[in-house]
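J.: Test case, fold it:
(one chain, ligands or ions: 2)
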Amino acid sequence: MAADKKIAAITARLVERSKPSREAYLGRVREAATKGPHRSVLSCGNLAHGFAVCSPSEKGMLAGDRVPNLGIITAYNDMLSAHQPYETYPALIREAAREAGGVAQVAGGVPAMCDGVTQGQPGMELSLFSRDLIAMAAGVGLSHNMFDSVVYLGVCDKIVPGLAIAALTFGHLPAVFVPAGPMTSGLPNDEKARVRQLFAEGKVGRDALLEAESKSYHGPGTCTFYGTANSNQMLMEIMGFHMPGSSFINPGTPLRDALTKEAAKRALAITAMGNEFTPAGEMIDERSVVNGVIGLHATGGSTNHTLHLVAIARAAGIHLTWQDISDLSDAIPLLARVYPNGLADVNHFNAAGGIGFLIRELLKQGLLHDDVRTVFGQGLSAYTVEAGLGENGAVVRKPVPAQSGDAKVLSTIEAPFQASGGLKMLKGNIGTGVIKISAVKPERHVIEAPAKVFHDQAGLNNAFKNGELTGDFIAVVRFQGPKANGMPELHKLTTVLGILQDRGQRVALLTDGRMSGASGKVPAAIHVTPEAKDGGAIAKIRDGDMIRLDATKGTIDVLMDADIFDARIAIEADLSDNEYGMGRELFAIFRQNAGAADQGGSVLF
Ligand SMILES: O=C(O)C(=O)C[C@H](O)[C@H](O)COP(=O)(O)O
Ligand code: SF4
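T.: Ligands and ions are numbered 1, 2, ... in the order given. Prediction:
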């Protein structure tokens, strides 16, 4: 149990709130678990289909009941720089399985969207829904019931959350997440952002912009800013789904391959057929979820996890709320400064000590639950390490250094960058929302200004081009919620609002949509619930209304007589443009059934 009383109290209320659903969930997991192998319930016909393409020796092993079979769920494609390295992983994993006396098969693939390719494009309106689709697609692969353990190959924004929902839905099976690692450092992220602003102001041309973007995103691996994808890696490690020290090792290196093989062997070692059975649904409990939230706060992680972590927890019968996330923020200091929360990138963070250093610092003051189960065994203290290669090419681990390799990037618990974490909940007569304050200067934590209302990103960008965005204002961009158009990221607005902010205007964004984890310096009240499409108060706001966004107090309010504001009719919008094109017609059932943002914006729960 965490030593810190506040964390223990928040965890206790999470356990209490979740009791009925968690007990029902654990009952299902225990019912589904079997001494195995799971394939033993299949008919000869089923099994013959299942191993038809295996080698004769693998068929011999799978025909018996002594050898575990490892399922691989892969999100490989060439679109995501972070997922392209997975092309070669199945062969490596099969080799490791053979060495471990087991068998491995690709159970199935899942789709993976790159939010960088679709940012500002119609495709982004499928992004949030792709998370649930990924969980469903992984379920299709695992429903063959041929497997005794699973390795999940995924890194990016919606993919890890979708795979984690699947892993917990199949919580009777062990689950090891296998990362592919970050791209090597290219053009610094702040320099990329500077060239973008110059382009938006017409000071450089497309050739200069494309050159800067291409130097920033230049090869295999995860983009190096600390957005949702790299927040995912931190979460998977601090929640115990990764092998210790594996998150931020670059792709195409001997250590990366050694970690992949080690993960496969570990996944085969923790099946019900061995003596370290670690089913995902029992490994992940309320303490693991709270540890994930703590990691988000301590690193300034992505706002998208106020959606995804809520949905992941629900898959395990755990009811995480925005109030839990916000209250933990008050108890957890910011220990990392990685872009957009600073100038460093994730490679610098890892070189400074990485996740192992972060965990050690938080454990020093009892700010994490140490008494948790992980794929590596019992206790989070085992993760206060960094991974390396031994003489024989195997993975070796040693304790993280006592000192940070760069105190400007990764600090100690004694000298945090901020006393509280990065994510705050906002409440008021507009509804509830969240704001990431770790990347916003303190003098911009409170913005009081007139509303300028838009119904899409283009409206705001056009107003900028026409020179209409003068003075202080709060841009209200609405009908961007899950039911309206799939809750796209509005990250492209950061450039325009950043230019105005740099000119000295006091500006902010208020939306029922999302931002990227890479969004940062402009104060943004996002995920506002109820959304406009649901008749939320955000649909009552008019141009010129005075709005106060106060991240210090945690409030978002229209400053007018309550009766007058309440009496207003929530306007409706023509959303027919969002119903067709780029596959959006395939996701109508998702828009119709999406849950509220504070419930994860999911069609599953
Ligand atoms: O981390 C997240 O939440 C993201 O979704 C990051 C997006 O992939 C951005 O779109 C990529 O950054 P930009 O190149 O600035 O567009
Ligand atoms: S981090 Fe974002 S932009 Fe980079 S590959 Fe992953 S999804 Fe695409």
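
J.: what mean pLDDT does the top helix by length along the chain have?
T.: In terms of residue count, the longest helix belonging to the chain (DSSP state H) is helix 5-32. For helix 5-32, mean pLDDT rounds to 97.

J.: One more: stretch 356-376?
T.: 98.

J.: which parts of it are buried?
T.: 356-363, 367-370, 372-376 (16 or more other C-beta atoms under 10 Å). Just so you know, the C-beta spots here come from the backbone N, C-alpha and C atoms, and that holds for glycine as well.

J.: which residues of this structure score low on pLDDT?
T.: For the chain, applying pLDDT under 70 flags the ranges 1-2.

J.: Which single residue in it comes nearest to ligand 2?
T.: residue 116 (2.6 Å; C-beta to the nearest ligand atom).

J.: What separation is there between the closest residue in space to that residue that isn't next to it in sequence and ligand 1?
T.: Counting by C-beta to C-beta, 6 or more residues apart in numbering, residue 116 lies nearest to residue 223, which is 6.6 Å off, once chain neighbours are set aside. Separation of residue 223 from ligand 1 (C-beta to the nearest ligand atom, to the nearest Å): 6 Å.

J.: Residue 80 is in contact with residue 223, correct?
T.: No: shown here, residue 223 and residue 80 do not form a contact pair, counting by C-beta atoms under 8 Å, at 9.4 Å.

J.: of these two, who's got more company?
T.: Using other C-beta atoms under 10 Å as the criterion, residue 223 and residue 80 rank with residue 80 on top: 28 against 24.

J.: Excluding chain neighbours, what is closest to that one?
T.: Going by C-beta to C-beta, 6+ apart, residue 80 has residue 114 as its nearest residue, at 4.5 Å.

J.: now swap in residue 156 and tell me
T.: Leaving out its chain neighbours, the residue that sits closest to residue 156 by C-beta to C-beta, 6+ apart is residue 229, at 4.4 Å.

J.: What of residue 100?
T.: Using C-beta to C-beta, 6+ apart, the nearest residue to residue 100 is residue 265, at 4.5 Å.

J.: now swap in residue 459 and tell me
T.: Nearest residue to residue 459, sequence neighbours excluded (C-beta to C-beta, 6+ apart): residue 477, at 7.7 Å.

J.: Show me what the host helix or strand of the residue of the chain closest to ligand 2 is in contact with.
T.: Using DSSP states H and E, residue 116 maps to helix 115-118. For helix 115-118, contacts defined as C-beta atoms under 8 Å, 6 or more residues apart in numbering pick out 79, 123-124, 126-127, 156-158, 217, 223, 228, 489, 516.

J.: any idea how far that helix is from the chain center?
T.: 15 Å (C-alpha atoms, centre = their mean, to the nearest Å).

J.: Stretch 595-603 now?
T.: The answer for stretch 595-603 is 15 Å, by C-alpha atoms, centre = their mean.

J.: that older thread, how close does the residue nearest to residue 100 sit to residue 555?
T.: As judged by C-beta to C-beta, to the nearest Å, residue 265 and residue 555 stand 51 Å apart.

J.: Likewise for residue 87?
T.: 49 Å.

J.: and the nearest residue to residue 95 once chain neighbours are set aside, what does it touch?
T.: Of all residues not flanking residue 95 in the chain, residue 261 sits nearest, at 7.0 Å (C-beta to C-beta, 6+ apart). Applying C-beta under 8 Å, 6+ apart to residue 261 gives the contacts 92, 93, 95, 96, 99.

J.: Which residue ranges of the stretch 151-300 of the chain form helices?
T.: 159-169, 189-200, 206-216, 228-238, 254-269, 280-283, 286-299 (DSSP state H, counting those that start in this stretch).

J.: what is the orientation angle of the first one with helix 228-238?
T.: Read it as helix 159-169. Calculated by axes from the mean of the first three to the mean of the last three C-alpha atoms, to 10 degrees, helix 159-169 forms an angle of 40 degrees with helix 228-238.

J.: Please apply the same query to the last one.
T.: Taking the same axes, to 10 degrees, helix 286-299 and helix 228-238 form an angle of 130 degrees between their directions.

J.: Against residue 449, how distant is whichever residue of the stretch 351-500 of the chain sits closest to ligand 1?
T.: The stretch 351-500 of the chain approaches ligand 1 most closely through residue 491 (5.0 Å), counting by C-beta to the nearest ligand atom. Distance of residue 491 to residue 449, given as C-beta to C-beta: 22 Å.

J.: Double-check residue 374 against residue 237; I have them as touching.
T.: No: if you go by C-beta under 8 Å, residue 374 and residue 237 don't touch, sitting 9.2 Å apart.

J.: domain parsing for this protein?
T.: Using automatic domain parsing, the domain ranges for the chain come out as 5-34+67-184+219-399, 423-599.

J.: ok, now how distant is the residue of the chain at minimum distance from ligand 1 from residue 341?
T.: The minimum distance from the chain to ligand 1, using C-beta to the nearest ligand atom, falls at residue 227 (2.1 Å). Going from residue 227 to residue 341 by C-beta to C-beta gives 11 Å.

J.: Have a look at those two and say which one is more surrounded.
T.: The residue with more neighbours, out of residue 227 and residue 341, is residue 227; 31 against 24, by other C-beta under 10 Å.

J.: Excluding sequence neighbours, find me the nearest residue to that one.
T.: In space, residue 227 comes closest to residue 517 once its chain neighbours are excluded; the distance is 3.3 Å by C-beta to C-beta, 6+ apart.

J.: So what's the residue count around that neighbour?
T.: 27.

J.: With the one 5 residues further on instead?
T.: Here the number of neighbours of residue 522 (other C-beta under 10 Å) works out to 24.

J.: Is it correct that it falls within a helix?
T.: No: counting by DSSP: H, G, I helix; E, B strand; the rest coil, residue 522 is located in no helix; its state is coil.

J.: Which residue comes closest to it once chain neighbours are left out?
T.: Nearest to residue 522 is residue 497, by C-beta to C-beta, 6+ apart, at 4.3 Å.

J.: After the host helix or strand of the one you found, which helix or strand is next?
T.: Counting by DSSP H and E, the element that carries residue 497 is helix 493-502. Following helix 493-502 in sequence order, the next helix or strand is strand 507-511 (DSSP H and E).

J.: What pairs with whatever helix or strand comes next after that next one, parallel or antiparallel?
T.: Using DSSP H and E, the helix or strand that follows strand 507-511 towards the C-terminus is strand 524-529. Sheet pairing here is set by DSSP bridges, and for strand 524-529 it gives strand 431-436 (antiparallel), strand 507-511 (parallel).
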